[in-house]
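In: sequence first, predicted model second:
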Amino acid sequence: MSFESVDPGEGHSIAAWTAVTIMLLAITIGTVAFFLAQPWLVWASVALLVVGLAVGWVLSKVGYGVADATHHEVH
């Protein structure tokens, strides 16, 4: 008899991956903008960072987070 683990672990969800991807993009843009001395783009990347955090939170609340992923058992 084999048992499959359905626990995706911490952060292994659509919400987490989407949030992290958006936030990594924001940090990359912000770093390049800082290097090129473009303050408006640095602040725009800060705003994008906050958007990434909000998107992850919203996706988690609508059912794409880790807690909701464990309710879908595979037999």
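Out: Thanks, I have the structure now.

In: low pLDDT regions in this structure?
Out: 1-11, 68-75 (pLDDT under 70).

In: what residue is smack in the middle of it?
Out: residue 19 (1.6 Å; Cα atoms, centre = their mean).

In: what are the buried residues along the helix or strand containing that one?
Out: Assigned by DSSP states H and E, residue 19 belongs to helix 14-35. Using 16 or more other Cβ atoms under 10 Å as the test for burial, helix 14-35 gives 14, 15, 16, 18, 19, 22, 23, 26, 29, 30, 33. C-beta coordinates here come from the backbone N, C-alpha and C atoms, glycine included.

In: so can I have JSON lines of the residues you listed showing distance to residue 59?
Out: Converted to JSON lines, the buried residues of helix 14-35 look like this (distance: Cβ to Cβ, whole Å):
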{"residue": "14", "distance to residue 59": "6"}
{"residue": "15", "distance to residue 59": "4"}
{"residue": "16", "distance to residue 59": "9"}
{"residue": "18", "distance to residue 59": "6"}
{"residue": "19", "distance to residue 59": "7"}
{"residue": "22", "distance to residue 59": "11"}
{"residue": "23", "distance to residue 59": "13"}
{"residue": "26", "distance to residue 59": "16"}
{"residue": "29", "distance to residue 59": "21"}
{"residue": "30", "distance to residue 59": "22"}
{"residue": "33", "distance to residue 59": "26"}
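
In: just the CA trace of the helix holding residue 19, in CSV.
Out: The C-alpha trace of helix 14-35 is given here as CSV (Å, rounded to 0.1, in the frame of the first residue of the first chain):
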residue,chain,number,x,y,z
ILE,A,14,-0.3,29.3,-7.2
ALA,A,15,-0.7,32.3,-4.9
ALA,A,16,2.9,32.0,-3.6
TRP,A,17,4.5,31.4,-7.0
THR,A,18,2.6,34.3,-8.6
ALA,A,19,3.5,36.7,-5.7
VAL,A,20,7.1,35.7,-5.8
THR,A,21,7.4,36.1,-9.6
ILE,A,22,5.9,39.5,-9.5
MET,A,23,8.0,40.6,-6.6
LEU,A,24,11.2,39.3,-8.2
LEU,A,25,10.4,41.2,-11.3
ALA,A,26,9.9,44.3,-9.3
ILE,A,27,13.2,43.9,-7.5
THR,A,28,15.0,43.3,-10.8
ILE,A,29,13.5,46.4,-12.4
GLY,A,30,14.2,48.4,-9.2
THR,A,31,17.8,47.4,-9.2
VAL,A,32,18.4,48.3,-12.8
ALA,A,33,16.6,51.6,-12.4
PHE,A,34,18.7,52.4,-9.3
PHE,A,35,21.8,51.6,-11.2
